[in-house]
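J.: Coordinates only, no sequence provided:
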Ligand SMILES: CC(C)(COP(=O)(O)OP(=O)(O)OC[C@H]1O[C@@H](n2cnc3c(N)ncnc32)[C@H](O)[C@@H]1OP(=O)(O)O)[C@@H](O)C(=O)NCCC(=O)NCCS
């Protein structure tokens, strides 16, 4: 089957490859990255576990996960929609730019826009939502630029290094997204 590739100005979204596994292991061993994810302070992932994860991502029908490459072919992260087979036509959004050199330069926002567009136009989703830890300001700014709105928060939901933090819930509806596109 032909795999989907989504092209932007700064990034290309492509299928995951088994050879991506070593980079995921490296990124997910870095607490400066994982403190923004649900994987903080967890034991290091082995290459075998990461290769298994990649194989599973490629087989599952309810998840679409892309590797994020820069336009010149450097692999810098991944972005996904999960629960895409939900009868409610909603899905959750998740992203990681694992290579810290590429943070804060618009790569994550463009990758997000590409997969959200794919979710609404091709997968015919009605709503896409995400969870983000309150101190992840960079993430929240990026999601707002894509068009997500804050819908609420789970107060003191996450315990990180002995401190409780809110989990912020953000969401975007298809009609809001299309309206934003038409107003450009
Ligand atoms: C969250 C993430 C996907 C955002 O992607 P990115 O490419 O770094 O973000 P962008 O450059 O597209 O946009 C970030 C916005 O935050 C701002 N920003 C950048 N660094 C910042 C910082 N240290 N603090 C606050 N805001 C910051 C940028 O200025 C930009 O807004 P602007 O364009 O209006 O100026 C990426 O940083 C990442 O993967 N981080 C680590 C893992 C993670 O947080 N995953 C998401 C878990 S919910």
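T.: Yes, it's here. Remember, it's a predicted structure, so these values are computed and weren't measured experimentally. Numbers count the residues shown, from 1 in each chain.

J.: okay, CA-based contacts and neighbour counts for the rest of this
T.: OK.

J.: Quick check on the residue at the greatest distance from the centre of the chain: phi, psi?
T.: Distance from the C-alpha centroid of the chain peaks at residue 162, with 26.1 Å (C-alpha atoms, centre = their mean). For residue 162, the backbone dihedrals (degrees, to the nearest 10) come out as phi 80, psi 0.

J.: ok, it to residue 104 distance?
T.: Here the distance between residue 162 and residue 104 works out to 28 Å (C-alpha to C-alpha, to the nearest Å).

J.: go on, residue 114?
T.: 17 Å.

J.: what do you get for residue 29?
T.: 21 Å.

J.: in this structure, which spans are helices?
T.: 21-27, 31-34, 47-59, 107-121, 137-146, 174-182 (DSSP state H).

J.: Can you lay out those helices as TSV showing mean neighbour count and mean pLDDT?
T.: Shown next, in TSV, are these (neighbours: other C-alpha atoms under 10 Å; pLDDT from 0 to 100):
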stretch	mean neighbour count	mean pLDDT
helix 21-27	18	97
helix 31-34	15	95
helix 47-59	15	96
helix 107-121	21	98
helix 137-146	17	98
helix 174-182	13	91
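
J.: Dump the ones you listed to a markdown table, plus distance to the ligand.
T.: As requested, these are arranged in a markdown table below (distance: least, C-alpha to the nearest ligand atom, whole Å):
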| stretch | distance to the ligand |
| --- | --- |
| helix 21-27 | 10 |
| helix 31-34 | 5 |
| helix 47-59 | 17 |
| helix 107-121 | 3 |
| helix 137-146 | 4 |
| helix 174-182 | 17 |
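
J.: Residue 71: which of those helices is closest?
T.: Nearest to residue 71 among the helices of the chain is helix 107-121 (10.1 Å), distances taken as C-alpha to C-alpha.

J.: what angle sits between the closest one and helix 174-182?
T.: 120 degrees (axes from the mean of the first three to the mean of the last three C-alpha atoms, to 10 degrees).

J.: Wait, residue 24 touches residue 98, no?
T.: Yes - with contact defined as C-alpha atoms under 8 Å, residue 24 reaches residue 98; the gap is 7.4 Å.

J.: Run a quick neighbour tally on the residue nearest to residue 124 when sequence neighbours are not counted.
T.: Counting by C-alpha to C-alpha, 6 or more residues apart in numbering, residue 124 lies nearest to residue 89, which is 7.4 Å off, once chain neighbours are set aside. Counted by other C-alpha atoms under 10 Å, the residues lying close to residue 89 total 16.

J.: can you pull the contacts of residue 89?
T.: Contacts for residue 89 (C-alpha atoms under 8 Å, 6 or more residues apart in numbering) come out as 124, 125, 126, 127.

J.: ok, 10 Å please
T.: 83, 119, 120, 123, 124, 125, 126, 127, 128 (C-alpha atoms under 10 Å, 6 or more residues apart in numbering).

J.: measure the fourth one to residue 96 for me?
T.: For residue 123, the distance to residue 96 (C-alpha to C-alpha) stands at 22 Å.
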